[in-house]
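> just coords:
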């Protein structure tokens, strides 16, 4: 009782006043047993291969392949972060609509990776373009660079397909 005779209500319990995080994917190692977890692992694997292959081709067309490198490296690290958040269980501690964040992330990366795939395919298709380099005409890509870029294009397509599948699964979770 206070001096005036009225009782002071207790402070609100923060656990009661804030809703919990909205996530339908399991946290911890169980994420790896889901299709979404498997696709994120494939995105990391194939995205890393795109990154390695484009970098090993000595980037003969920096304007086109620079964007491919940016997208593949950025998506690689954000996918690692995304998977790490679920593996560590931090998604249960952070109050957010994880189903929407999953959808928004995969939509954004799908659009960027699709563009990167098209640019890598365009860079690969220019392999017979002859450039004047010190009085001799040489193809833009030698045979080794061409083969590496073909592999990078294929893996960019596969990575884009993985992000598309993750996007579809995320859409189903976000809008059941």
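Done, it's in. Note that this is a predicted model, so its numbers are computed, not measured.

> Next, the buried residues of the strand or helix carrying residue 167.
If you go by DSSP states H and E, residue 167 is part of helix 143-174. The neighbour-count criterion (16 or more other C-beta atoms under 10 Å) identifies 145-146, 148-167, 169-170, 173-174 as the buried residues of helix 143-174. (Glycine included, C-beta is placed from N, CA and C.)

> elements contacting that helix?
Judged by 3 or more C-beta pairs under 8 Å, 6 or more residues apart in numbering; DSSP states H and E, the packing partners of helix 143-174 are helix 35-56, helix 62-88, helix 98-125.

> tell me, how many neighbours does residue 70 end up with?
12 (other C-beta atoms under 10 Å).

> Residue 170 versus that one, what's the distance?
Separation of residue 70 from residue 170 (C-beta to C-beta, to the nearest Å) stands at 23 Å.

> repeat for residue 31
13 Å.

> re earlier: quick one: closest of the helices and strands packed on helix 143-174 to residue 22.
Residue 22 lies closest, by C-beta to C-beta, to one member of the helices and strands packed on helix 143-174: helix 98-125, at 5.9 Å.

> What is that closest one packed up against?
For helix 98-125, the packing partners by 3+ C-beta pairs under 8 Å, 6+ apart are helix 35-56, helix 62-88, helix 143-174.

> got the buried residues for it?
Buried-residue list, helix 98-125, by 16+ other C-beta under 10 Å: 98-99, 101-103, 105-107, 109-110, 112-114, 116-121, 123-124.

> Just the angle for it relative to helix 143-174, thanks.
With axes from the mean of the first three to the mean of the last three C-alpha atoms, to 10 degrees defining the directions, helix 98-125 sits at 160 degrees from helix 143-174.

> tell me the mean pLDDT for helix 98-125?
Regarding helix 98-125, the rounded mean pLDDT is 93.

> what does stretch 44-61 give?
What stretch 44-61 shows for mean pLDDT is 89.

> next one: that stretch to chain centre, how far?
Stretch 44-61 sits 15 Å away from the centroid of its parent chain (C-alpha atoms, centre = their mean, to the nearest Å).

> wait, what's in contact with the most centrally placed residue in the chain?
When C-alpha atoms, centre = their mean is applied to the chain, the residue found nearest the centroid is residue 75 (3.7 Å). By C-beta atoms under 8 Å, 6 or more residues apart in numbering, the residues touching residue 75 are 43, 47, 109, 112-113, 159, 163.

> Widest-spaced pair of those?
Farthest pair in those (C-beta to C-beta) is 43 and 112. Separation: 12.4 Å.

> Over to residue 93: give its phi and psi.
phi -100, psi -20 (degrees, to the nearest 10).

> neighbours around it, how many?
Residues near residue 93, counting by other C-beta under 10 Å, number 11.
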